[in-house]
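J.: The following block contains a protein sequence and its predicted model.
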Amino acid sequence: MENPQSLYLSGPSPIQPGELAQSFLTSHWLSRPATQVAPDLIGCTLVRQLPNGDCLRGQIVETEAYEAGDPACHAYRRKTARNAVMFGPAGFTYVYLIYGMYHCLNVVTDRPEFASAVLIRALQLETIPPFTTSRRESPHRLAAGPGKLCRVLQIDLSLTAQVLQPGSPLWLEPRPKSFRDRYPQGQPPLVQTTRIGLSQGGDLPWRWYLADSPAVSKR
DNA sequence: TGAAGGATTTGT
DNA sequence: CAAATCCTTCAC
């Protein structure tokens, strides 16, 4: 590791896939404010390893940040059994059930006690799972939305408070070379706008998505 | 112990 | 635009 500090301080990880994986996947790179991590997660890969060993992979194309002091954050009022993981160190999952039928996946960010997380809102799937032979919807939109994403990756409450690292049910990988090569200036076309579906905090521009991705949930 | 409501999705 | 559906939170 030539410059560990850069992993902690700077933006998108410049490292190659497979390099410094442990540092990227665990706390350092994620131990920044959610509003910094959220745009940097765009282009990174989310990997889901099923109980049978099969892996499903998708490129993150849409995220939202939720921070301490943010009225839309589940940890805004106080620490509870549900949101407790957000008060801990970065690099853990926070999964919750919404409307009694969908799950949402978050990545815990920042330092302990600064309860915050990034909601993963949409993925562009690398491979279409064979069991999702949906004819009613185009394959590239199977994970376009936080609830749909969890449905196709088989993510439920049992996957909350899990560390994001290889061998776990879920982990993250840096932006692949193919992604970096797509944007020669090193700057992917990100759109920053307001978050979706909130009753409070709807004015904060804490949602980011990849402008040229067909898998974004809403425009 | 009960009631209200939700970081969604889908179909009418 | 409303239903589906159940966990979490807060009030009593």
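T.: Happy to help now that I have it.
J.: who in chain A is up against DNA strand B?
T.: Proximity of chain A to DNA strand B is confined to A:64, A:66, A:72-75, A:94, A:97-102, A:104, A:106, A:117, A:119, A:136-137, A:145-149, A:195-199, A:217 under the rule Cβ under 7 Å from any atom of the strand. C-beta here means a position set from N, CA and C on the backbone, and glycine is covered the same way.
J.: If we use 6 Å, what do you get?
T.: A:66, A:72-74, A:98-100, A:102, A:104, A:106, A:117, A:119, A:145-148, A:196-199, A:217 (Cβ under 6 Å from any atom of the strand).
J.: out of these, which are inside strands?
T.: Members of the residues of chain A next to DNA strand B lying in strands (criterion: DSSP state E): A:66, A:98, A:102, A:104, A:106, A:117, A:119.
J.: now the residues of chain A next to DNA strand B: which count as buried?
T.: Among those, those scoring as buried are A:66, A:72-74, A:104, A:106, A:117, A:119, A:145-148, A:198, A:217 (criterion: 16 or more other Cβ atoms under 10 Å).
J.: Can you point out the buried residues in stretch A:174-190?
T.: A:174-176, A:179-180, A:188, A:190.
J.: who touches stretch A:79-88?
T.: With contacts defined as Cβ atoms under 8 Å, 6 or more residues apart in numbering, stretch A:79-88 is touched by A:73-75, A:92-94, A:96, A:106, A:108, A:112-113, A:115-117, A:160-161.
J.: Among the residues you listed, which one sits closest to DNA strand B?
T.: DNA strand B lies nearest to A:His74 out of the contacts of stretch A:79-88, by Cβ to the nearest atom of the strand, at 3.7 Å.
J.: what's the nearest residue to the closest one once chain neighbours are set aside sitting at in phi/psi?
T.: Once flanking residues are discounted, A:His74 sits nearest to A:Asn83: 4.6 Å by Cβ to Cβ, 6 or more residues apart in numbering. Backbone torsions for A:Asn83, taken as degrees, to the nearest 10, come to phi -90, psi 0.
J.: how much space between A:Asn83 and A:Thr109?
T.: Shown here: A:Asn83 relative to A:Thr109, a distance of 14 Å by Cβ to Cβ, to the nearest Å.
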